[in-house]
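Trainee: I'd like to go over a predicted model; first the sequence, then the structure.
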Amino acid sequence: MKCFKCESDRVLQLTAKCSDLCFTTFNGIDQDGYVPEIRHVGGGDYVETWICLECGQVQGEFPVPYTRSRQ
């Protein structure tokens, strides 16, 4: 995979299983439990994203649509 911003091939795929032990803070609201269902970030028990190690750009299409629901 090449970075869509700088075209480097130094893109790290990061996958982690955290079961229901995820902690997030968004707009000053703390939550713990499952990974929020967010495109290019993960969901459920898994965090999964791709990050360019050259420029730091998270890969994927952004902005992510706003949703109020959370598992």
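Mentor: Cool, the structure landed.
Trainee: how far away is residue 50 from residue 10?
Mentor: For residue 50, the distance to residue 10 (CB to CB, to the nearest Å) stands at 11 Å. (Each C-beta comes from the backbone N, C-alpha and C, glycine too.)
Trainee: overlap of the contact sets of these two?
Mentor: Applying CB atoms under 8 Å, 6 or more residues apart in numbering, one finds that no residue jointly contacts residue 50 and residue 10.
Trainee: what is the neighbour count of the closest residue to residue 50 other than its chain neighbours?
Mentor: Nearest residue to residue 50, sequence neighbours excluded (CB to CB, 6 or more residues apart in numbering): residue 59, at 3.9 Å. Other residues near residue 59 number 18, with proximity taken as other CB atoms under 10 Å.
Trainee: and residue 59, how far is that from residue 24?
Mentor: As for residue 59, its distance to residue 24 is 20 Å (criterion: CB to CB).
Trainee: pull the contacting residues for residue 52.
Mentor: 3, 5, 6, 8, 10, 11, 12, 58, 59.
Trainee: mind redoing it with 7 Å?
Mentor: Applying CB atoms under 7 Å, 6 or more residues apart in numbering, we find residue 52 in contact with 3, 5, 6, 8, 10, 11, 59.
Trainee: now the helices for this structure?
Mentor: Taking DSSP state H as the criterion, the chain carries no helices.
Trainee: mind listing the strands for it?
Mentor: 11-17, 22-26, 29-33, 35-38, 42-44, 46-52 (DSSP state E).
Trainee: what mean pLDDT does the last one have?
Mentor: Taken as a whole, strand 46-52 has a mean pLDDT of 97.
Trainee: thank you, goodbye.
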